[in-house]
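**Student:** need coordinates for the below:
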Amino acid sequence: MALTIENFVKLANYYNQTAMIMSAICVQKGGIPMENYVGRMYAADVLEFIAEYGRRLKADSQIVIPADVASVIERFNAEYERVKSLTTPSQKPIYEMTLDEFEKFMNI
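**Tutor:** Numbers count the residues shown, from 1 in each chain. Prediction:
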């Protein structure tokens with residue numbers, strides 16, 4: 001995927017739509033907190049990807065980033081920094097889990 005402002009905007013829109021759908025799912029499941037929804041791991045991965053994409057856009061000196069897009073990049077970075085340390089119910093970050101622990105957590 002080529003680094004472009006347009007691709008970043010598409011990814012940002014995708015994440016926002018995913019977050020909206022996840023919120024609706026949580027409401028439908030009885031109002032569970034987003035932090036307890038199993039699908040949050042997918043959303044966290046997408047958020048991490050978007051934050052990194054934004055960092056790479058800013059690092060590319062050939063790309064001129066409009067001020068409104070730069071502020072969106074900063075908001076995604078701040079959101080990622082806020083949630084990157086969230087742990088699973090076992091209080092163990094998902095990247096430190098064994099495959100067996102992850103499968104048990106995901107009910108696979």
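
**Student:** average pLDDT across stretch 99-108?
**Tutor:** Mean pLDDT, computed over stretch 99-108, is 76.

**Student:** what does stretch 49-65 give?
**Tutor:** Here the average pLDDT along stretch 49-65 is 91.

**Student:** buried sites along that stretch?
**Tutor:** Neighbour-count burial for stretch 49-65 flags 50-51, 53-54, 57, 65 (criterion: 16 or more other C-beta atoms under 10 Å). (Each C-beta comes from the backbone N, C-alpha and C, glycine too.)

**Student:** quick one: residue 5 and residue 57, what's the gap?
**Tutor:** 7 Å (C-beta to C-beta, to the nearest Å).

**Student:** ditto for residue 15
**Tutor:** From residue 15 to residue 57 the distance is 15 Å (C-beta to C-beta).

**Student:** hmm, back to that, can you put the buried residues of stretch 49-65 in CSV and add distance to residue 106 and secondary structure?
**Tutor:** Converted to CSV, these look like this (distance: C-beta to C-beta, whole Å; DSSP: H, G, I helix; E, B strand; the rest coil):
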residue, distance to residue 106, secondary structure
50, 23, helix
51, 23, helix
53, 26, helix
54, 28, helix
57, 32, helix
65, 37, coil
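
**Student:** adding distance to residue 83, write these out as JSON lines.
**Tutor:** Output for the buried residues of stretch 49-65, formatted as JSON lines (distance: C-beta to C-beta, whole Å):
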{"residue": "50", "distance to residue 83": "12"}
{"residue": "51", "distance to residue 83": "10"}
{"residue": "53", "distance to residue 83": "17"}
{"residue": "54", "distance to residue 83": "15"}
{"residue": "57", "distance to residue 83": "21"}
{"residue": "65", "distance to residue 83": "24"}
